[in-house]
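In: Could you look at this predicted model? Sequence included:
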Amino acid sequence: MGNRLTHILILADLEGSSGCWRYRASSFLTDEWCRACLEMSRDVSAVVSALFKAGVKTITIKDFHRTGYNLFPEMIDSRATLISGYRRGPVPGIGNPNNAQAVMFLGMHAASGSDGFLAHTLTSRIARLEVNHRFLAEIELFAGSLAPWGIRPVFFSGCPVACKQAEVVIENINCFPIDKSRGPENFDARIWRSALAQEAVKSLANHKAKPYEPVGPFNARVTMRDGEAEAARLARRWKFEQAGSQIRICSASIHQLYLELIRLCYLTPTIEKVLPLALVAFNLKGRIGIIRARRRLKRLLQR
């Protein structure tokens with residue numbers, strides 16, 4: 001292995017995976033979602049198997065789509081650790097990064113307001129998110145939250161627009177696109193998945209990528225899809241500035257910005273006070289959902 005990486009964290013999303021071809025496939029408990037979970041599991045499994053074969057010793061996988069329960073663990077090498085659901089910290093959503101050396105992003109999507117496949121940042125309720133006059137994609141928030149642990153973003157996969165956005169902000173990251181412009185009938189998932197795994201292995205030799213530590217301040221302009229009334233309601237809730245359908249947030253660091261966006265998108269002051277209990281309930285919903293997906297998928301595959 002030489003100087004290759006031996007401890008990898010994988011953050012996996014669904015929109016940029018090989019089984020999601022329209023919005024319903026990303027929506028909780030639809031038949032399309034059940035099939036997309038299957039293909040997402042196959043994508044992650046291919047990468048995990050290839051990484052172990054290449055000599056990686058430790059792999060942690062964080063499921064980062066909606067409930068955090070979209071992967072079937074029985075399809076993935078049992079030597080890998082799968083983190084389903086969400087943790088409060090120390091890294092938002094992830095919990096403890098467990099001394100990972102590098103992070104790989106699989107199945108990701110482009111930023112809210114851009115023209116990528118099912119583009120959004122954190123939630124589709126945000127129509128457009130610009131920070132310092134450019135689109136903000138989730139990779140910046142996720143990679144930035146891992147930087148204090150010295151974790152380097154070395155690999156990214158998503159639609160071509162998402163890959164371009166990652167390359168612009170994360171210097172020297174390796175990217176591998178999935179082109180969904182021709183539809184699933186013209187897409188060979190097995191060939192693409194094999195190439196995905198090969199490119200992920202190549203990124204183990206990526207010594208140029210550094211932890212993502214952007215310098216603030218960060219001036220965010222968040223345009224809400226539901227318009228001025230929704231923006232006004234959320235701005236009052238969290239004491240943000242608001243003009244029309246746009247909410248304005250100024251943060252000194254990427255970490256503060258991420259926390260403010262989490263509050264805006266997912267929390268209320270009451271839920272924030274009882275967040276540990278709220279996470280238990282939310283994660284239970286996810287566990288029940290993946291159990292139902294597994295049962296439904298069996299019926300779908302028997303048709």
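Out: Done, it's in.
In: When you work out contacts or count neighbours from here on, use the C-alpha atoms and nothing else.
Out: Fine.
In: Start from the N-terminal end of this structure and give the strands.
Out: Remark: strands assigned in the chain by DSSP state E are 7-12, 58-63, 81-83, 102-108, 126-131, 134-135, 152-158, 174-177, 218-224, 241-243, 246-251.
In: Which parts of the chain are helices?
Out: With helices called from DSSP state H, the chain shows them at 31-53, 138-146, 160-169, 189-202, 228-238, 254-266, 269-273, 275-302.
In: would a markdown table of the ones you listed with mean pLDDT and distance to L82 be doable?
Out: Rendered in a markdown table, the data for the helices of the chain read as follows (pLDDT from 0 to 100; distance: least, Cα to Cα, whole Å):
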| stretch | mean pLDDT | distance to L82 |
| --- | --- | --- |
| helix 31-53 | 98 | 11 |
| helix 138-146 | 98 | 17 |
| helix 160-169 | 98 | 24 |
| helix 189-202 | 98 | 18 |
| helix 228-238 | 98 | 33 |
| helix 254-266 | 98 | 23 |
| helix 269-273 | 97 | 26 |
| helix 275-302 | 96 | 13 |
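In: Return the most buried member of the strands of the chain.
Out: Among these, judged by mean count of other Cα atoms under 10 Å, the one packed with the most neighbours on average is strand 152-158 (a mean of 28).
In: can you list the residues that contact that one?
Out: With contact meaning Cα atoms under 8 Å, 6 or more residues apart in numbering, strand 152-158 is reached by 15-17, 101-110, 143, 146, 163, 166, 170, 172-178, 196, 200, 203-204, 206, 209-212.
In: quick one, it and strand 102-108 angle?
Out: Here strand 152-158 runs at an angle of 10 degrees relative to strand 102-108 (axes from the mean of the first three to the mean of the last three Cα atoms, to 10 degrees).
In: need the contact list for S45.
Out: Each residue near S45 by Cα under 8 Å, 6+ apart is listed here: M75, I76, D77.
In: could you flag which of these are buried?
Out: By the neighbour-count criterion of 16 or more other Cα atoms under 10 Å, those include these buried positions: I76, D77.
In: Let me have the contacts of S45 in a markdown table, extended by pLDDT.
Out: Below are the contacts of S45 laid out as a markdown table (pLDDT from 0 to 100):
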| residue | pLDDT |
| --- | --- |
| M75 | 97 |
| I76 | 98 |
| D77 | 98 |
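In: could you dump the contacts of S45 to CSV with distance to V131?
Out: Rendered in CSV, the data for the contacts of S45 read as follows (distance: Cα to Cα, whole Å):
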residue, distance to V131
M75, 38
I76, 37
D77, 39
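In: So which of the contacts of S45 is the closest to L122?
Out: I76 (25.9 Å; Cα to Cα).
In: do you know how far the nearest residue to that closest one once chain neighbours are set aside is from R22?
Out: Excluding its sequence neighbours, the residue lying closest to I76 (Cα to Cα, 6 or more residues apart in numbering) is S45, at 4.8 Å. Applying Cα to Cα, to the nearest Å, the value for S45 to R22 is 22 Å.
In: Then C265?
Out: 22 Å.
In: E213 too?
Out: Between E213 and R22 the distance is 34 Å, computed by Cα to Cα.
In: neighbour count winner among the two?
Out: For E213 versus R22, neighbours defined as other Cα atoms under 10 Å are more numerous around E213 (18 against 15).
In: Low-confidence ranges, the stretch 1-150 of the chain, go.
Out: 1-3 (pLDDT under 70).
In: try 50
Out: Counting by pLDDT under 50, the stretch 1-150 of the chain contains low-confidence residues at 1-2.
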